[in-house]
Structures are given as C-alpha cells and as structure tokens.
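# Fold the following for me, if possible:
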Amino acid sequence: MAAAAAAAIPMDGSWAQTGAPARRPIPSSGEAITRVGLGTWITFNVGADDELRDACAAVMQAFFQAGGQVIDSSPMYGSAQEVIGYGLRKLGRPAGLFAADKVWTSPGSRGPSQIEQSRRAWGIPRFDLLQVHNLLAWEENLSTLFAMKAAGQVRYVGITTSEGRRHDLFEDIMRRQPLDFIQVSYSIIDRNVEDRILPLAVDRKMGVIVNRPFQQGALLRYFSGKRLPVWAGDIGASSWAQFLLKFVISHPAVTVAIPATSQVAHVRENVAAAAGPLPDAAMRRRMAAYVRDL
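As a prediction, the model looks like this:
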C-alpha cells in the first residue's frame with residue numbers, strides 16, 4: 001500500500017491543488033498561513049526504511065495538495081528531519097512550504113551547528129520559523145535565533161513547550177522577548193493555556209502553534225466509540241478529528257495546529273477541518289460541554 005501510494009507521487013512536484021483551506025495572519029507580519037499544519041513527532045521517525053519514507057512522502061504530497069503549508073519538526077524527533085528532506089526532494093520542493101523547526105541543545109553554543117545540520121537535512125535554503133524547543137538553554141539559543149533573524153537567515157523566532165511544562169517561565173519569556181511565535185499543547189480537554197498564555201499571546205501579537213491537539217491520538221482512540229453529535233454538521237465536522245481540530249483552531253489566539261499522522265486519508269481530513277465553517281464562542285462552549293459529559 002505504501003509503495004503504491006508513493007509510486008503515484010509526481011517526481012517534478014506538479015499536481016493540482018484540490019482545496020483552499022482558511023488562513024490566519026501571523027500577528028507580527030500579517031502573512032497568512034493555513035490553519036492546519038503537519039507535525040512529525042513519532043510519525044516521521046521511520047529511519048532509513050525506503051517504503052516507510054515513501055509513505056511519509058505520500059502524506060506530504062496529500063498535505064500540499066490539500067493546501068497545507070506548515071510542517072514542524074525538531075532534532076529531537078529522530079530521523080524525522082531527514083525523512084522530511086527526502087519527501088521534499090521527491091515532491092520537487094513545493095513552493096507553499098512553511099518550514100518550522102527547533103533548536104534543542106545545551107550548551108547553546110552548539111545551537112548554530114545543530115541548526116545548520118537541520119537545514120541540510122531538510123534540504124532548504126533557510127527555515128521560515130526556528131523555535132527554542134522546550135526552553136532548553138533558552139537564553140543563549142534565543143539570542144542565536146534573534147541574530148539569525150537580523151541577518152535574514154530565518155524569518156520568524158519562537159519558543160515551545162508541551163504538556164503544560166514550565167508555564168510560569170514560558171509566560172515570563174513571552175513578556176520580555178519580541179517573539180513571533182509560541183508553541184503550546186492545547187486540546188478540547190487540555191485547556192490550561194486558555195487562562196493566561198493565549199490571552200498574553202494576543203496582547204503581545206504573537207502567533208500560536210498548537211501541538212498535541214489529539215493528545216498523540218489518545219483522544220481519537222477514546223472518542224472512536226462515541227457518537228458524534230448531529231449538530232457537528234453545523235460547523236462542517238464529519239468526524240471526531242475535524243470536531244476536535246475545529247475547536248482548537250477556532251480559538252481567536254490560535255494561528256495553526258500541527259497534528260501528526262502517517263495516513264494520507266487522515267492528513268486530508270485534518271486539513272479539510274480548516275476549509276469549512278468554524279465554531280463561534282457559543283458553539284465552542286457547547287462542544288466542550290458535550291465532550292465533558294460523555
């Protein structure tokens with residue numbers, strides 16, 4: 001199956017885009033990007049297996065065909081960066097790519113060499129966004145990223161956290177540093193960032209990337225046996241994945257969510273969540289209450 005899907009990938013990168021998902025502007029620049037991206041944690045860590053790499057390239061092809069832009073990775077993600085690079089070469093380096101990666105090393109003096117290794121793995125001239133991963137050696141690494149931005153070597157700078165770690169320090173950095181993006185965990189049942197971090201991002205004009213919108217698939221597995229409410233159709237959600245994603249990306253502070261997947265059908269379903277209507281505040285309350293009571 002994977003080999004057959006990969007065989008259909010055009011080597012010159014040519015294909016017809018099949019959708020036009022909604023976009024949201026990056027607060028610091030006004031540049032608009034699509035609201036659903038592609039994460040690569042676990043799913044793209046497939047090593048040197050050609051068949052599995054081709055399967056990941058097929059996911060990337062479907063992602064770009066659906067209008068997706070943001071692909072996010074990290075040196076922490078095993079072979080994911082090399083697998084992305086393999087896919088980009090196979091697809092002819094699609095022009096719509098918004099490349100987001102991270103620096104994840106201590107001491108921070110190793111940051112520049114790690115970033116260059118990551119860039120070579122992707123096979124791109126420069127990253128659109130570089131982030132300090134989980135605040136590791138954040139002061140020195142963030143200084144490196146700001147210097148790179150000033151030199152035109154990266155367009156945007158950010159910081160990340162996941163699973164609610166170090167939120168007090170995270171907020172402090174947000175208040176003191178001119179960040180373009182933050183990346184946090186957020187889902188319909190993990191809403192800790194709603195109280196302080198998301199409002200602060202709005203106040204500071206920072207874009208928000210959401211990781212773990214499905215909690216590494218745990219939410220999809222849990223809800224798979226539950227009934228999707230009939231009124232989910234009012235917001236164009238035909239599956240639990242779209243229901244959960246629409247809740248996340250409809251928050252006024254959220255710029256893009258980056259669910260990870262290894263399935264072509266799933267990446268199409270995910271990107272399509274941004275193409276239809278999104279819930280307003282009242283509907284978001286209804287969605288959260290429905291999930292809470294299941």
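# nearest residue to residue 216 other than its sequence neighbours?
residue 42 (7.2 Å; Cβ to Cβ, 6 or more residues apart in numbering). Backbone N, C-alpha and C define where each C-beta goes, glycine included.
# What is the neighbour count of that neighbour?
14 (other Cβ atoms under 10 Å).
# wait, it sits on residue 217?
No: with contact defined as Cβ atoms under 8 Å, residue 42 does not count as touching residue 217 (9.2 Å).
# Partner strands of the helix or strand harbouring residue 156 and their direction?
Assigned by DSSP states H and E, residue 156 belongs to strand 154-160. Strand 154-160 sits in its sheet next to strand 127-132 (parallel), strand 181-185 (parallel), going by DSSP bridges.
# other SSEs contacting the following helix or strand past the first one?
Toward the C-terminus, strand 127-132 is succeeded by helix 138-150 as the next helix or strand (DSSP H and E). Using 3 or more Cβ pairs under 8 Å, 6 or more residues apart in numbering; DSSP states H and E as the contact test, the elements touching helix 138-150 are strand 98-103, helix 111-122, strand 127-132, strand 154-160.
# Of the ones you listed, which is nearest residue 231?
Ranking those by proximity to residue 231 (Cβ to Cβ) places strand 98-103 first, at 33.2 Å.
# So for the closest one, mean pLDDT?
Average pLDDT, strand 98-103: 98.
# Tell me the strands beside it, with direction?
Note on strand 98-103: by DSSP bridges, its sheet partners are strand 70-72 (parallel), strand 127-132 (parallel).
# So which residue is dead centre in the chain?
Among the residues of the chain, residue 258 comes closest to the average C-alpha position under Cα atoms, centre = their mean, at 2.5 Å.
# what about stretch 61-69, distance to the chain center?
Relative to its chain's centre, stretch 61-69 lies at 13 Å (Cα atoms, centre = their mean, to the nearest Å).
# typed the wrong thing, it's stretch 279-290
Stretch 279-290 sits 23 Å away from the centroid of its parent chain (Cα atoms, centre = their mean).
# Next: stretch 269-283.
16 Å.
# so residue 23 touches residue 35, yeah?
Yes: using Cβ under 8 Å, residue 23 is in contact with residue 35, at 6.7 Å.
# between the two, who's got more neighbours?
Taking neighbours as other Cβ under 10 Å, residue 23 and residue 35 compare with residue 35 leading, 27 against 16.
# Not including adjacent chain positions, what is the nearest residue to the more buried one?
Excluding its sequence neighbours, the residue lying closest to residue 35 (Cβ to Cβ, 6+ apart) is residue 274, at 4.0 Å.
# In three-state terms, label that neighbour for me.
coil (DSSP: H, G, I helix; E, B strand; the rest coil).
# contacting residues for it?
21, 22, 34, 35, 36, 245, 249 (Cβ atoms under 8 Å, 6 or more residues apart in numbering).
# In TSV: those, plus distance to residue 142, pLDDT and secondary structure.
Shown next, in TSV, are the contacts of residue 274 (distance: Cβ to Cβ, whole Å; pLDDT from 0 to 100; DSSP: H, G, I helix; E, B strand; the rest coil):
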residue	distance to residue 142	pLDDT	secondary structure
21	31	75	coil
22	31	84	coil
34	27	95	strand
35	26	97	coil
36	27	98	strand
245	30	97	helix
249	27	98	helix
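# coming back round to it: tell me if I'm right that the residue nearest to the centre of the chain and residue 214 touch.
No: taking contacts as Cβ under 8 Å, residue 258 lies outside contact range of residue 214: 10.7 Å.
# Please identify every residue contacting each of the two.
Here residue 258 and residue 214 have no joint contacts, going by Cβ under 8 Å, 6+ apart.
# Relative to residue 25, how far out is residue 249?
Note on residue 249: its distance to residue 25, by Cβ to Cβ, to the nearest Å, is 14 Å.
# so which strand or helix has residue 210?
Using DSSP H and E, residue 210 maps to strand 207-211.
# Alright, calling it a day.
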